[in-house]
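Participant: Let's see this in three dimensions:
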Amino acid sequence: MEDSLRSLRDACVNPDSFFATPQADLLRLVYKEFANEIDRLKRAYSIREGQISVSNETPSYVLYQSNYDEVNRTLVGFLSLRWIHLGQYESFVSSQPPEVKLTIESFTWIRDFYKAIIVEPDTLYALITSIITNDLGKDPQLAFDYYNVTGIDISDLNHDAILLKACQAGLIRSLDRLPIEYKNHLIGGIELGATFNFGQLAQAENVPACLSGLKRMKNNPICFQLRFMEQILDIAGAAGHMDSTCAKKLIQPIFESYRNVFDACQNLTAGSSNLRNAYDLILTRRANWLHECGFSFLDVNIADNRALLRLLCMGNVTTSERASLFEGTWNLIEEDTRESLIYALNLDGLSGEPAVQPTYVPALLSRIKEELPLTCALRYLSRVMDLSESVDPSVLVVERSLLGVIKNCVEGGQFNADPTILESLEVPEGVFALKE
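Facilitator: Model prediction:
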């Protein structure tokens, strides 16, 4: 390795030379800078959707001679940044399915966006820091470390909120290596992420109230831009534990959904849209996409249609065939279940009328290909979304995580064997995710 590449900060001064470094050396250089953070990711949980890579060429194998899901996911996100910088489109999309492969035009849009942001070495260093630290909240030890420092148990919070708490307690030391303005930019993005997740909006998993934090970004565009770019790279690496050779998850339909999120956020921060209208842009564009594919048009202004559109987004439905499965099941489920879902899926999260955010429900719905399991999933979701008990009047959003259901029931195969197993499951406890 050249002398100029002995430290990551020095390497960022000449990004062309930095990203041209052989991949294994590049990964070791990143590890040298972020050893503590990457070691934490060895303990992080992940959602598995297929065959896990056992290759000895994965990023974590280069570093540890063993495979760790979240290490591979995070570092494939970093390698995706390398492919973007070098303009290596074929590497970026190499094993993506041909019918949904990211187009060269979309890759160029991402590359142009990246080049517009990365105008100095500190910005590149900050973006890499953001990539590495983004999912540290998935390490259960981080919540434990926070408890040891503060005496406060935060283990029931979502991983983004845990990360924010850890940053506020000074537990993420790599942020202290940044110039103060960039440290503030990243913490601002983490604060946004604690209540607003780009991917959750792309999948209509959250509710309009969750977008309220974007208003703070109005006068701080670099904070928003860094956060958005990091989220694009997070998706690019999301299947890194299954295939570390490319940005397997950032296919064209998913990129389109993130472009929609970008536009919705831009409209909101520019003041040209309110929370509901910005959110509904996501639903309207999904309706238009499916209509162009031959599916009947769904009107976001009709409560029944809008609820179904949210389910189609949460199920990552991008074809007319799958949309017809969801619509047929939607029309056949019991009327009280459907009415309950229509009501809950149309709540915005306003004062006096809190909404439920069912996190990880896309990991359930996106796997379903038949009517019976979808029917069972919708019945269960109607119970998850029900908020009949009273809550603090200041609460706007209650988060109920289906992570345990996915890990214990879906990944183990029980749901596939008997979808009615959901009927016997308790509803996850709610966590107050957003207050006035």
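
Participant: what's the helix or strand for Lys165?
Facilitator: helix 159-168 (DSSP states H and E).

Participant: could you dump the helix or strand following that helix to CSV, C-alpha only?
Facilitator: Next helix or strand after helix 159-168 toward the C-terminus (DSSP H and E): helix 180-195. Taking C-alpha atoms only, helix 180-195 is exported to CSV below (Å, rounded to 0.1, in the frame of the first residue of the first chain):
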residue,chain,number,x,y,z
ILE,A,180,-17.1,19.9,14.3
GLU,A,181,-19.4,21.1,11.5
TYR,A,182,-19.4,17.6,10.0
LYS,A,183,-19.9,15.9,13.3
ASN,A,184,-23.0,18.1,13.7
HIS,A,185,-24.1,17.2,10.2
LEU,A,186,-23.9,13.5,11.0
ILE,A,187,-25.6,13.9,14.4
GLY,A,188,-28.3,15.9,12.7
GLY,A,189,-28.9,13.0,10.2
ILE,A,190,-28.9,10.5,13.1
GLU,A,191,-31.5,12.7,14.9
LEU,A,192,-33.6,12.7,11.8
GLY,A,193,-33.2,8.9,11.5
ALA,A,194,-34.4,8.3,15.0
THR,A,195,-37.9,9.3,14.0
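
Participant: what comes up buried for helix 180-195?
Facilitator: 182-183, 185-195 (16 or more other Cβ atoms under 10 Å). The way it works is simple: take the backbone N, C-alpha and C, and place the C-beta from them, glycine included.

Participant: Same check on stretch 97-116?
Facilitator: Quick answer for stretch 97-116 (16+ other Cβ under 10 Å): Lys101, Leu102, Ser106, Phe107, Ile110, Arg111, Phe113, Tyr114.

Participant: Mind checking which of those residues are in helices?
Facilitator: Of the positions in the buried residues of stretch 97-116, Ser106, Phe107, Ile110, Arg111, Phe113, Tyr114 sit in helices, assigned by DSSP state H.

Participant: And the helices in the stretch 201-350 of the chain?
Facilitator: 221-236, 252-269, 275-292, 303-314, 320-332, 335-345 (DSSP state H, counting those that start in this stretch).

Participant: what's the average pLDDT for the shortest one?
Facilitator: Mean pLDDT, taken over the full extent of helix 335-345, equals 97.

Participant: For that helix, name the packing helices and strands.
Facilitator: Packing contacts for helix 335-345, counted by 3 or more Cβ pairs under 8 Å, 6 or more residues apart in numbering; DSSP states H and E, involve helix 303-314, helix 371-385.

Participant: Give me the distance from the helix or strand following the last one to the chain's centre.
Facilitator: On the C-terminal side of helix 371-385, the nearest following helix or strand under DSSP H and E is strand 395-401. The chain centre lies 17 Å from the centre of strand 395-401; the measure is Cα atoms, centre = their mean, to the nearest Å.

Participant: From the chain's centroid, how far away is the helix or strand following strand 395-401?
Facilitator: Going down the chain from strand 395-401, the next helix or strand is helix 403-405, by DSSP H and E. Distance, stretch centre to chain centre, for helix 403-405: 16 Å (Cα atoms, centre = their mean).

Participant: Pull up the gap between the residue nearest the centre of the chain and Arg82, please.
Facilitator: Nearest residue to the geometric centre of the chain (Cα atoms, centre = their mean): Gly199, 3.7 Å. Using Cβ to Cβ, to the nearest Å, we find Gly199 at a distance of 22 Å from Arg82.

Participant: same question, Arg285
Facilitator: Taking Cβ to Cβ, one finds Arg285 at 30 Å from Arg82.

Participant: thinking again about what came up before, could the ones in helices among the buried residues of stretch 97-116 be laid out in CSV, adding distance to Asn301 and pLDDT?
Facilitator: Formatted as CSV, these follow (distance: Cβ to Cβ, whole Å; pLDDT from 0 to 100):
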residue, distance to Asn301, pLDDT
Ser106, 30, 98
Phe107, 35, 98
Ile110, 32, 98
Arg111, 37, 98
Phe113, 32, 97
Tyr114, 37, 97
